[in-house]
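Peer 1: Please find the sequence and the predicted model below.
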Amino acid sequence: MQVAEEMSMNIIEELNGNIGNIALKLRGFIRDQVASFKKKGVVIGVSGGIDSSVILTLCVQELGKENVYGLLLPEEESAPSSKVLGAEICESLGVSYEEVPISPILRSLNIYNKKEKILKRICPEYDARIHKTSLVLPDFLNTGLLNVPYICLVNNGETVGKYRLKATDYLELIGLQGVKQRSRMLVQYMYAETMNYAVCGTTNKTETVLGQFVKYGDGGVDLEPLADCYKVQVYALGKLLNVNEEIIKRPPSADTWSHYTTDEEFYWRMPIQIMDQLLYAQEHRLSLQVIEKSTGLSRETIEKAQRHINRIKDTTEYIRAAPPVCYINR
């Protein structure tokens, strides 16, 4: 890329400049992969979020509504809007769907009780009858590299307590939360194999690059159409495909905490428009001057953010990697 051309670049415009062709490529990928697997259609876990809504729409356009099956997989701590919005988009596209609550699976593994014991140990005032909880990290743009997770107690929409987590507590909670995504995938494969369908994933490139998925949970699928689409591109696809505006405006979330916790609050620690520009700049080795101009961030903040991103990539490398194999017969 010429220097003058690079300096005039707006990264968001660069990402979203060819969104119509991206949609066509995704449809072709879905068609080809389902055919190569010799499957009749796809099963999709529909969350009421932008990723699953875009995938659902693309699959219907390419495979036909009769070859797409939606699963709503709520649990006790899911936001009620997830089920409502998920059902609405299935119905608007004419897709057959079913609600399969995963709470019985989680209760059988004692997940809720174990989680409550940890929360009471961390937050003495915690009362499940009045408090909702969320796991958050400090906003990167205001706090820099500080990376300490907190449990927030929320009552009637207001934070009434904030407790710093020890590493052991954090790992224990993450281990319990991951069971939710793995339980959802278990149900999806049960339906997919019964119907001779493939399980279609909804993880986007931002999540893939940052390791923002659960191994053998939302990462354990047959095909992953959005894995080369940054989150801002998924939003652009949503607008192109006329996805419900309420879904487009809904903050993205794993939806596994009783208080709806956005990915910006816990994982990205900055607005997604900033995160995706930084990731794109890393991928294409754009200069600091271009990043400064496009993001409006200072050079110092950009350099800190890049270190933050590199640290996330390093610590989540094992999530993206295939299981190592010991080859003995070569």
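Peer 2: Received, thanks. Numbers count the residues shown, from 1 in each chain.

Peer 1: Got the domain ranges for the protein?
Peer 2: 9-101+179-320, 111-169 (automatic domain parsing).

Peer 1: so of the ones you listed, which one's packed in deepest?
Peer 2: Mean neighbour count (mean count of other C-beta atoms under 10 Å) peaks for domain 9-101+179-320 among those, with a mean of 19. For every residue, glycine as well, the C-beta is placed using N, CA and C.

Peer 1: Now do it, average pLDDT.
Peer 2: Average pLDDT, domain 9-101+179-320: 95.

Peer 1: Quick one: the helices in the stretch 51-200 of the chain, in order.
Peer 2: All helices of the stretch 51-200 of the chain, identified by DSSP state H, counting those that start in this stretch, fall at 80-93, 103-108, 111-122, 140-143, 167-195.

Peer 1: what does the third one contact?
Peer 2: Contact partners of helix 111-122, identified using C-beta atoms under 8 Å, 6 or more residues apart in numbering, comprise 76, 106, 126, 128, 133, 151, 163, 165, 169, 172-173, 176-177, 179-180.

Peer 1: hmm, back to that, which one of the helices of the stretch 51-200 of the chain lies nearest to Asn244?
Peer 2: When those are compared by C-beta to C-beta, helix 80-93 sits nearest Asn244, at 6.2 Å.

Peer 1: now for the domains of the chain, which one comes closest to Ile328?
Peer 2: Of all the domains of the chain, it is domain 9-101+179-320 that lies closest to Ile328, at 22.7 Å by C-beta to C-beta.

Peer 1: From Asn329, how far out is Phe29?
Peer 2: From Phe29 across to Asn329, the span is 35 Å (C-beta to C-beta, to the nearest Å).

Peer 1: still on that earlier bit, mind picking the two most distant members of the contacts of helix 111-122?
Peer 2: Between any two of these (C-beta to C-beta), the greatest distance is 23.2 Å, for Leu106 and Tyr163.

Peer 1: coming back round to it: how about the helices of the stretch 51-200 of the chain in a markdown table, adding distance to Arg285?
Peer 2: Listed next are the helices of the stretch 51-200 of the chain as a markdown table, based on distance: least, C-beta to C-beta, whole Å:
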| stretch | distance to Arg285 |
| --- | --- |
| helix 80-93 | 38 |
| helix 103-108 | 44 |
| helix 111-122 | 42 |
| helix 140-143 | 22 |
| helix 167-195 | 33 |
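
Peer 1: wait, which of the ones you listed is closest to Val54?
Peer 2: Closest to Val54 of those, according to C-beta to C-beta: helix 80-93, at 10.0 Å.

Peer 1: gap between that closest one and the chain center?
Peer 2: Centroid displacement of helix 80-93 relative to its chain, using C-alpha atoms, centre = their mean, to the nearest Å, is 18 Å.

Peer 1: Who are the packing partners of that helix?
Peer 2: Helices and strands touching helix 80-93, by 3 or more C-beta pairs under 8 Å, 6 or more residues apart in numbering; DSSP states H and E, are helix 50-63, strand 68-72, strand 96-99, helix 245-249.

Peer 1: Hey, what's the angle from that helix to helix 50-63? Just curious.
Peer 2: Interaxial angle of helix 80-93 relative to helix 50-63 (axes from the mean of the first three to the mean of the last three C-alpha atoms, to 10 degrees): 20 degrees.

Peer 1: Helix 80-93 vs strand 68-72, what angle?
Peer 2: Interaxial angle of helix 80-93 relative to strand 68-72 (the same axes, to 10 degrees): 160 degrees.

Peer 1: ok, and what's touching helix 80-93?
Peer 2: By C-beta under 8 Å, 6+ apart, the list of residues contacting helix 80-93 from outside reads 46-49, 52-53, 56-57, 60, 65, 68, 70, 72, 74, 96-97, 99, 243-244, 246-247, 250, 255.

Peer 1: Stretch 179-194 now?
Peer 2: 42-43, 45, 69, 71, 73, 75, 98, 100, 102, 105-106, 109, 111, 197-199, 213-214, 216-218, 220-222, 254, 256.

Peer 1: Could you do stretch 125-138 as well?
Peer 2: For stretch 125-138, contacts defined as C-beta under 8 Å, 6+ apart pick out 116, 119-120, 146-155, 160-161, 165, 173, 257-261, 265-267, 269.

Peer 1: Show the model's pLDDT score for Asn142.
Peer 2: 69.

Peer 1: quick revisit: select, out of the helices of the stretch 51-200 of the chain, the one closest to Thr316.
Peer 2: Here helix 167-195 is closest among these (C-beta to C-beta), at 12.0 Å.

Peer 1: where does the closest one sit relative to the chain's centre, distance-wise?
Peer 2: The answer for helix 167-195 is 14 Å, by C-alpha atoms, centre = their mean.

Peer 1: tilt between it and strand 68-72?
Peer 2: Going by the same axes, to 10 degrees, helix 167-195 makes 140 degrees with strand 68-72.

Peer 1: how close does Ser53 get to Ser96?
Peer 2: Separation of Ser53 from Ser96 (C-beta to C-beta) stands at 16 Å.

Peer 1: now do Leu153
Peer 2: With the distance defined as C-beta to C-beta, Leu153 ends up 40 Å from Ser96.
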